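>>> Predicted model and sequence follow; I will ask about them next.
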Amino acid sequence: MTTLAPSPSRVRAITSRNISALRSGPEYWVTVLSGVFEPLMYMLAMGVGLGSLMTSGHWTVDGKEVSYLQYIAPAMLASAAMSGAVSETLIHFFFKLRYQHTFEGMLATPIRPVDIVAGELLWALIRSAAYIAVFLAVIATLGVTTPARALVVFPAGFLVSFAFGALGMVVATRLRGPQDFDAVVVGQLALFLFSGAFAPLSRYPEPLHTLAALLPLYHGVELVRGTAFGHLSLALAGHAAYLLALGVGCLTWTARRIELGDD
Amino acid sequence: MTGERVISAKGLAKRYDAFEAVKGIDFEVRSGEVFGLLGSNGAGKSSTMRMIGCVSRPTSGELRVLGMDPVKDGSRIRGRIGVCPQFDNLDPDLTVRENLYAYSRFFGIPRAKGRRRADELLEFFEIADKAHGKVAAMSGGMKRRLTIARALINNPEIVLLDEPTTGLDPQARHLVWERLHQLKRQGITLILTTHYMDEAEQLCDRLVIMRSGRFVAEGSPASLIRTYTQPEVVELRFASDDLRALAEKVDDLGRVEVLPDRLLIYTDRGNDVAARVRDRALGPSSVLVRRSGLEDAFLALTGRDAR
Ligand SMILES: Nc1ncnc2c1ncn2[C@@H]1O[C@H](COP(=O)(O)OP(=O)(O)OP(=O)(O)O)[C@@H](O)[C@H]1O
Ligand SMILES: [Mg+2]
């Protein structure tokens, strides 16, 4: 059953439920807005603050010298794409699954687990898409990218959201309770700090270097930075393939798990 | 019952890890019937309901609902039944009306029709004045009514009601009974669990009593009363606390049961027994003869001790 494709009309029904929930109160909007402000603040603090102390010449993308602010800005887009998706599919999904029994109610209707997985992921992607749009405007203003290149950066950011949205669901179904959120926060911060957002991985000693190169956000950062600066290469295709495989794998796993998780 | 068979189970069992909650039950439900599942806490009623509702997979045995297999055709079956689960799982992010409307969308009901149906049901269960409020702001009984209303959004052919009236005040309970009677008149099949014997007695055409995952009795309320208890009960109250000693003095008159505050004598000649009790000058503070009910049969079958 899990192998069946999600039904578009049921996915739409779930999306329309999520849109109705948006009107439920200000709490949700606080979460949504904080997801944009966090990477924006990092960008300003690190890029403008720390960046002003840095001697030029250290920061290059594809051999071209860039300012530190320009160096980290695309990585903040990747990070926002990640956190938008994860906030939805990990934290919010977890509450819907365990505390609000939202899915329990849905599963008494023709809705199937695979529809829920697709519907919630779509919702996460919609939220991330809004974040990506904000950061595209930011990096275009900083001269990192051009409107034409933004057409490629957008799907790149979207792919990052897809992979992390699906990964978030896997984690959500594994959490024992909200006490595990602390671990999630630390894990997400580790990804954020060690994925080549603030310095090239080559600056890290081994084994940190190899380890960081395996992290999904590293591939997201490289993909977004590469496309933003208009540097298309085969390596980018590799990063994209990594993210795609991660997303598809996690989705399949989650759909199976909700299906069997009836008792 | 002349309706066609809408649910059938053979050797149906449900195991949770090592614990077997339903131990192989056989039953059939025909269209238009009101079928009751009674039993003490933990007897396996909800486990059975969840299997019929296609949200829990049978461990073994055969189950057909509307001629389909719940494991393979769960989604299609769920589209034609309505479920009021034992514990409300209303959507706290939505208003009362949105709860119904969103549910209609899950069934693929067109928008305009879904809105109309939501409004009808709010009226039907007398919660229309709460339509635009949050679910959290409703009282427990109102949430319960909303849950039952939600189960009807798709005009289901079968409605599964797991303790629908638990937590309702007497007025609300009567309202729900009346609504369920209306559904019954429309020929909708109802499967009901309840701990209220008066409810089962007045709603159910046929019922089964479950105990530790098995059926221990089956039949119409009247036939269960006939089979498992005497037609009449004499209730005796005394000023004295030593009811056990008093029980021995009347135990030749019928089956005697000692309750904390009174003695019950089961008999087919209530007035006769009452007269003979009076003759014995035991000085009861009150003697009452009443007809036996389903509760008497239920207690005879499942025992008085709470397990
Ligand atoms: N998900 C589950 N995991 C493990 N055990 C379960 C689960 N659900 C029910 N049980 C056990 O199965 C048995 C039957 O439970 P069930 O909920 O079917 O009883 P019930 O007849 O509905 O009781 P009640 O009148 O209290 O609602 C109980 O012993 C219960 O502890
Ligand atoms: Mg129950």
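Nice, thanks for sending it over. Numbering: from 1, shown residues only, chains lettered A, B, ... in the order given. Ligands and ions are numbered 1, 2, ... in the order given.
>>> With adjacent residues omitted, what lies nearest to the spatially most central residue of chain A?
Most central in chain A under CA atoms, centre = their mean is A:Met82, positioned 1.7 Å from the mean C-alpha point. Nearest residue to A:Met82, sequence neighbours excluded (CB to CB, 6 or more residues apart in numbering or on different chains): A:Phe164, at 4.4 Å. No exception for glycine: its C-beta is placed from N, CA and C like everyone else's.
>>> Can you check the pLDDT for the one you found?
Note for A:Phe164: predicted pLDDT of 95.
>>> Report the contact partners of it.
The neighbours of A:Phe164, taking CB atoms under 8 Å, 6 or more residues apart in numbering or on different chains as the test, are A:81-82, A:85-86, A:89, A:216-217, A:220.
>>> Please, which helix or strand holds it?
If you go by DSSP states H and E, A:Phe164 is part of helix A:147-174.
>>> swap in B:Arg226?
helix B:221-228.
>>> what comes up buried for that helix?
B:221, B:224-225, B:228 (16 or more other CB atoms under 10 Å in any protein chain shown).
>>> Run the contact check for stretch A:16-25 versus chain B.
Yes: under the criterion of CB under 8 Å from any CB of the partner chain, chain B is reached by stretch A:16-25 at A:16-17, A:20-21, A:24.
>>> hey, what's whichever residue of the stretch 101-250 of chain B sits closest to ligand 2 bridged with?
Closest residue of the stretch 101-250 of chain B to ligand 2, CB to the ion: B:Asp162 (5.9 Å). With DSSP bridges as the criterion, B:Asp162 is bridged to B:Thr193.
>>> any idea of the pLDDT on it?
In this prediction, B:Asp162 has a pLDDT value of 97.
>>> sorry, back to before: closest one of the contacts of A:Phe164 to chain B?
A:Thr89 (16.1 Å; CB to the nearest CB).
>>> Touching, the closest one and A:Ala172? I think so.
Yes: taking contacts as CB atoms under 8 Å, A:Thr89 lies within contact range of A:Ala172: 6.4 Å.
>>> out of the two, which sits in the busier spot?
A:Thr89 (30 against 25; other CB atoms under 10 Å in any protein chain shown).
>>> Next, the contact list for the closest residue to that one other than its chain neighbours, please.
Among residues not flanking A:Thr89 along the chain, A:Gly168 sits closest, at 3.6 Å (CB to CB, 6+ apart). The neighbours of A:Gly168, taking CB under 8 Å, 6+ apart as the test, are A:85-86, A:88-90, A:93, A:124.
>>> ok, so what distance separates A:Gly168 from A:Gln188?
When CB to CB, to the nearest Å is the yardstick, A:Gly168 and A:Gln188 sit 10 Å from each other.
>>> intersection of neighbour lists for these two?
Taking CB under 8 Å, 6+ apart as the contact rule, the neighbours common to A:Gly168 and A:Gln188 are A:Val86.
>>> Could you identify the buried members of the residues of stretch A:16-25 next to chain B?
Of these, these count as buried by 16+ other CB under 10 Å: A:16-17, A:20-21, A:24.
>>> I'd like those residues as CSV, with pLDDT, distance to ligand 2 and secondary structure appended.
Below are those laid out as CSV (pLDDT from 0 to 100; distance: CB to the ion, whole Å; DSSP: H, G, I helix; E, B strand; the rest coil):
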residue, pLDDT, distance to ligand 2, secondary structure
A:Ser16, 93, 32, helix
A:Arg17, 94, 27, helix
A:Ser20, 91, 30, helix
A:Ala21, 89, 29, helix
A:Ser24, 72, 30, coil
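>>> now the residues you listed as CSV including distance to A:Gly230?
Conversion of those to CSV gives the following (distance: CB to CB, whole Å):
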residue, distance to A:Gly230
A:Ser16, 38
A:Arg17, 40
A:Ser20, 41
A:Ala21, 39
A:Ser24, 42
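>>> Looking at those residues, spot the one nearest ligand 1.
Lowest distance from ligand 1 to those (CB to the nearest ligand atom) belongs to A:Arg17, with 25.5 Å.
>>> Quick one: residues contacting the closest one.
By CB under 8 Å, 6+ apart, the neighbours of A:Arg17 are B:91, B:94, B:102, B:105-106.
>>> Then B:Leu203?
So B:Leu203 contacts B:34, B:36, B:177, B:180-181, B:184, B:190, B:192 (CB under 8 Å, 6+ apart).
>>> Counting only strands, which of those residues make the cut?
The members of the contacts of B:Leu203 that map onto strands under DSSP state E are B:34, B:36, B:190, B:192.
>>> okay, now the last one: neighbour count?
B:Leu192: 25 surrounding residues under other CB under 10 Å.
>>> That one and A:Thr109, how far apart?
21 Å.
>>> Tell me the spacing between the residue nearest to the centre of chain A and B:Arg214.
Distance from A:Met82 to B:Arg214, by CB to CB: 53 Å.
>>> so how far is ligand 1 from the closest residue to A:Leu191 other than its chain neighbours?
Distances taken as CB to CB, 6+ apart put A:Leu217 closest to A:Leu191, at 4.3 Å, once the chain neighbours are dropped. Applying CB to the nearest ligand atom, to the nearest Å, the value for A:Leu217 to ligand 1 is 37 Å.
>>> quick one: secondary structure of A:Leu217?
helix (DSSP: H, G, I helix; E, B strand; the rest coil).
>>> For residue 212, give me its contacts.
Assuming you mean chain A. A:194-196, A:201, A:204, A:218.
>>> Chain B, not that one
B:23, B:42-44.
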